[in-house]
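A.B. asks: Give me a model of this one.
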Amino acid sequence: MAKGPISARFLRTSRKIVRPYLRRAMGLGDFLAAVEGRRSFPRWMGEIKGLTLKQREFIVQQAIVLLEGFYAHLPLKRAMYAIDPLQRLRLLQHRLPQYNSDTIFHAEMMDIFRSLRDRHTIYLLPPPFQRAAAWLPFKVESYWHGQGRGKRGRNRNHAPKRRRYLVSHVAPGFSQSTFRKGVELLNWNGVPIARAVELAGAQSAGNSPEARHGLGLQLLTARALETDPLPDAEWVTIRYRTLRGREEETRVSWTITEQPPSRTAAQKRPEIFKFLFVPEVLELEKKPRSRLNGLQPRLPGIFRVRIIRTPYGRFGYIRIFSFDVTDADELVSEFRRLIKHVPRNGLIIDVRDNLGGRTKAAEMLLQFISPLGPIVPEGVYFANTARTLELCQLQKNNLKEGPHGLAPWIESIQRSLETNAMFSAKFLRNDPHECNSMAEERYPGNVIVITNALCYSATEFFAAGFQDHDGKILGVDHVTGGGGATVRTHQELSKYFEEAPDSPFQALPKKAGLTVAFRRSQRVRAQAGNDVEDFGIRADFFHYMTRDDVLNRNVDLINRAARHLAELSRPGAFAGTKVHGRTPA
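C.D. replies: Numbers count the residues shown, from 1 in each chain. Model prediction:
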């Protein structure tokens, strides 16, 4: 028999790559007991030693440095959400002697950063939370049920559309009576399921109702404990409707495992779903793939490609799961290769749930798919502070931060000393030449991009750029996540100040971490001057997700996208626009 919360059957049916993690699994109660020193802990948790009072004071002081000196959104977040994170941090400094446990201190720090409603600017917990994932062995998704409203208001013969919640994925090996893929959730720990999702979303940093709903669905069953709050209970009691229509109840316990390595904290929650439901992708990522046919991606964790047949024609479909890569050029090169192996008459690009990564990769893809050219990259700008001026002066020749380093921003921030301007001037983050260097290889057919409220950061650079260059977006939410910024960690900024005579940075204790949005972005062309942060990108068309979408590979969503592609192919669909200097045929 298997030890711990994982059954022998679960272990036996799991992929080889995840078995070591599952064998070392533990329940939530045992994890908390190990954190508090009441029981022995496994090696993967690392060295568990609590923070001293001085170490907590130091973390809070460094958080103040980061927000006060570098946080690009601070003035606007204060105004939009009526918050004062700096005052809360100073109050926490004063009250630190009252915090008698690390978990209470971490919870307060996370709540202060969560109040910013900014998933770029976060507090990263030290070990053992840093390497831990909490999960339930299934995933919940929602769809819309009902006929909705007519043009003149509610149709008397039909109820308005409302969300329903299904189990969309179940981990291999997990089995509990009639609880399986496709059952409808009704209650969660005695709370109506819609309210339970709302409460989970309130624990996220989502800045719109749709973003909080999407994040709430994820937090319901998966939490990366470096950035997400601990579950409130050791297990959940679920009331559900079976596939035969009966109402039943079951109890499922939270499991804690070590999490497979991830490049960034933002990607950790999606990695839990990969770990549970598509572990074969983890295997493919570890093995170099030398022999490939046209539709097999060399980056299986980034792309999924297929050819789809719909009532409106045969089209290409590319899912982009992330822009979080070490080498942006490698991602661009692979995308360039893949679009040559899909039908030439139309392409659907699906970036739902893509949390971002390298903005260079995102904006370089636009030259292959945008109806209008040349591509104009988004501009970015700083909050005017003495620290951002010092940063620009220290890194004026750092080409990783811009085509000309940070030198272009220096004069603008210096002028703010006289004008008292809140923000610097806007300059380019990515090189226009690189963003147009392969424009002649543009995909010849029409393209539509699918988004949702979990699209964030670099994915919003991609979606905004596509729309700003006359592309059309089909959303399953009305807006994207609203994360229009570039982000740096406390450690990265500390390295930037290594040669400064009065660096405000020192290494954080116990491998704790902080990240900050240090530059805001603005859109271009017809949307020039509009911000992405907090507002996101509004879709041109909206699709109500159906039960078939959730359970049958997005069949209705893809047909809807195909219909729009067919409409775009009609004469006059692009009247008055140019494709990279050419009028489309």
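A.B. asks: how close does Lys77 get to Leu282?
C.D. replies: Counting by Cβ to Cβ, to the nearest Å, the separation of Lys77 from Leu282 is 37 Å. Where you see a C-beta, it was placed from the backbone N, CA and C, and this is true even at glycine.
A.B. asks: between these two, which one's more packed in?
C.D. replies: Between Lys77 and Leu282, counted using other Cβ atoms under 10 Å, the more crowded position is Lys77 (24 against 17).
A.B. asks: Contact partners for the residue nearest the centre of the chain?
C.D. replies: For the chain, the residue nearest the mean C-alpha position is Leu355 (2.6 Å; Cα atoms, centre = their mean). Contact partners of Leu355, counting by Cβ atoms under 8 Å, 6 or more residues apart in numbering, are 119, 266-267, 270, 322, 324, 454-457, 459.
A.B. asks: Name the nearest of these relative to Lys161.
C.D. replies: Nearest to Lys161, judged by Cβ to Cβ, of these is Leu454 at 20.6 Å.
A.B. asks: The closest one: what secondary structure?
C.D. replies: Following DSSP: H, G, I helix; E, B strand; the rest coil, we place Leu454 in the coil state.
A.B. asks: swap in Pro444?
C.D. replies: Once three-state DSSP is applied, Pro444 turns out coil.
A.B. asks: Name the nearest residue to it, sequence neighbours excluded.
C.D. replies: Arg344 (5.2 Å; Cβ to Cβ, 6 or more residues apart in numbering).
A.B. asks: Show the pLDDT at Ala573.
C.D. replies: Looking at Ala573, its pLDDT reads 51.
A.B. asks: now Glu434
C.D. replies: 97.
A.B. asks: Count the neighbours of the nearest residue to it once chain neighbours are set aside for me.
C.D. replies: Leaving aside its chain neighbours, Glu434 sits nearest to Met364 (6.1 Å; criterion: Cβ to Cβ, 6+ apart). Using other Cβ under 10 Å, Met364 has 27 other residues around it.
A.B. asks: which ones are touching Met364?
C.D. replies: By Cβ under 8 Å, 6+ apart, Met364 lies in contact with 328, 332, 430, 434-435.
A.B. asks: on that earlier part again, what kind of secondary structure is the residue nearest to the centre of the chain in?
C.D. replies: Per three-state DSSP, Leu355 ends up coil.
A.B. asks: Would you quantify the distance from it to Lys274?
C.D. replies: With Cβ to Cβ as the criterion, Leu355 and Lys274 are 13 Å apart.
A.B. asks: now do Ile64
C.D. replies: 36 Å.
A.B. asks: With Leu284 instead?
C.D. replies: For Leu284 relative to Lys274 (Cβ to Cβ), the value is 11 Å.
A.B. asks: list the residues that contact both of those two?
C.D. replies: Jointly contacting Leu284 and Lys274 under the rule Cβ under 8 Å, 6+ apart are Gly301.
A.B. asks: if we can go back for a sec, let's see if you can find the most crowded of the contacts of Leu355.
C.D. replies: Cys455 (31 neighbours).
A.B. asks: Make sure it is actually in contact with Gly481.
C.D. replies: Yes: between Cys455 and Gly481 there is a contact at 5.7 Å, judged by Cβ atoms under 8 Å.
A.B. asks: Find residues that contact each of those two.
C.D. replies: Common neighbours of Cys455 and Gly481 (Cβ under 8 Å, 6+ apart) are Gly536.
A.B. asks: Need the single longest helix in this protein, by residues.
C.D. replies: helix 53-70 (DSSP state H).
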